[in-house]
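S.K.: coords please:
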Amino acid sequence: MADPTSPSPPADDLQIYWDARARRFGRRAVIDLRHTDGEYEALTRRQWEQQLLPHLRPLLHGDELLAIDYGCGPGRLTRSLASAICDGQAVGLDPTEPLLALAPPAPGVRYEPLREGRCSLPDHAADVVFVCLVLGGLRDRALDDALREIERLLRPGGLLFAVESTSDFPNPAHWTYRSVAEYQRLLPFIDLRHLGDYEDLGERMAVMAGRSKRV
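M.R.: Okay, the predicted model is just below:
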């Protein structure tokens, strides 16, 4: 999310940046700051209903019990994810506790902080792991930790649904633009496919999904 109004983070600690951004901008910290707070709800609804759910719905088998919203922030999409899982639950995970504090309660939803890249859920607990504009905000050890935790949590044959910016822009201090091919290399345990793109304020967002190759 290239954003000219964002402060630059310390090069060695992106988590400090995201904590500070959350305290300064609240729930709007997880979207492009060129969107106003008044646009937040409509943007979220449009993104889910028009750009994500049409891709996600056909991939669900209908017997999923647990979906994880990895990097859920203030729970912007967690409730919608829970509603897409028939008779199931959604768990929102995020390392940025000022954002989790803003997450709204809802039936079938709970939130948990990631501490040192881990959560309390057992191995292979999730039928679906949903990742929306999260991995682009990570690099180095933080990225490695996230990929390991996603692999640990997803059951064999489970679904990974990911959305990331693949724009051809220079990387700002707090974000890394990667191609679909790069995400496919980062996630070798997933049969990751490119389902389509949408645009937000001139940025290209790639919708990708695939099932765990683990058996």
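
S.K.: going forward, measure contacts between C-alpha atoms and count neighbours the same way
M.R.: Will do.

S.K.: quick one: contacts of stretch 70-84?
M.R.: Stretch 70-84 has contacts (CA atoms under 8 Å, 6 or more residues apart in numbering) with 27, 30, 44, 48, 57, 67, 69, 88-96, 99-104, 106, 108-109, 129-132, 134, 150.

S.K.: Any idea how far apart the tips of that stretch sit?
M.R.: Across stretch 70-84, the terminal residues are separated by 16 Å (CA to CA, to the nearest Å).

S.K.: Please name every helix or strand in contact with whatever helix or strand E151 lives in.
M.R.: Assigned by DSSP states H and E, E151 belongs to helix 140-153. Packed against helix 140-153 by the contact rule (3 or more CA pairs under 8 Å, 6 or more residues apart in numbering; DSSP states H and E) you find strand 126-132.

S.K.: Within the sheet, what are the partner strands of the strand it packs on, with directions?
M.R.: According to DSSP bridges, strand 126-132 forms sheet pairs with strand 66-70 (parallel), strand 154-165 (parallel).

S.K.: Helices of the protein, start to end?
M.R.: 14-25, 40-46, 53-56, 78-84, 97-100, 140-153, 180-186 (DSSP state H).

S.K.: Output the helix holding E151 as PDB, restricted to C-alpha atoms.
M.R.: Extracted as PDB, the C-alpha positions of helix 140-153 are listed here (Å, rounded to 0.1, in the frame of the first residue of the first chain):
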ATOM      1  CA  ASP A 140      12.900 -11.000   6.400                       C
ATOM      2  CA  ARG A 141      12.300 -12.900   9.700                       C
ATOM      3  CA  ALA A 142       8.700 -11.600  10.100                       C
ATOM      4  CA  LEU A 143       7.800 -12.900   6.700                       C
ATOM      5  CA  ASP A 144       9.500 -16.300   7.400                       C
ATOM      6  CA  ASP A 145       7.600 -16.600  10.700                       C
ATOM      7  CA  ALA A 146       4.300 -15.800   9.000                       C
ATOM      8  CA  LEU A 147       4.800 -18.300   6.300                       C
ATOM      9  CA  ARG A 148       5.700 -21.000   8.800                       C
ATOM     10  CA  GLU A 149       2.700 -20.300  10.900                       C
ATOM     11  CA  ILE A 150       0.300 -20.300   8.000                       C
ATOM     12  CA  GLU A 151       1.800 -23.700   6.900                       C
ATOM     13  CA  ARG A 152       1.500 -25.000  10.500                       C
ATOM     14  CA  LEU A 153      -2.100 -23.900  10.900                       C
END
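
S.K.: So which of the strands paired with strand 126-132 is nearest L53?
M.R.: With CA to CA as the measure, strand 154-165 is the member of the strands paired with strand 126-132 nearest L53 (10.5 Å).

S.K.: Pull the residues that contact the closest one.
M.R.: 1, 56, 59, 123-136, 177-178, 190, 203-215.

S.K.: related to what we said a few turns ago, tell me which of the helices of the chain lies nearest to C119.
M.R.: helix 140-153 (8.2 Å).

S.K.: quick one on the thing from earlier: need the residues that contact the helix holding E151.
M.R.: Residues from elsewhere that reach helix 140-153 (CA under 8 Å, 6+ apart): 70, 117-118, 121-126, 129, 135, 186-187, 189.

S.K.: starting at the chain centroid, how far to that helix?
M.R.: Put simply, helix 140-153 sits 13 Å off its chain's centre (CA atoms, centre = their mean, to the nearest Å).

S.K.: what's the answer for stretch 116-128, then?
M.R.: That offset, for stretch 116-128, works out to 15 Å (CA atoms, centre = their mean).
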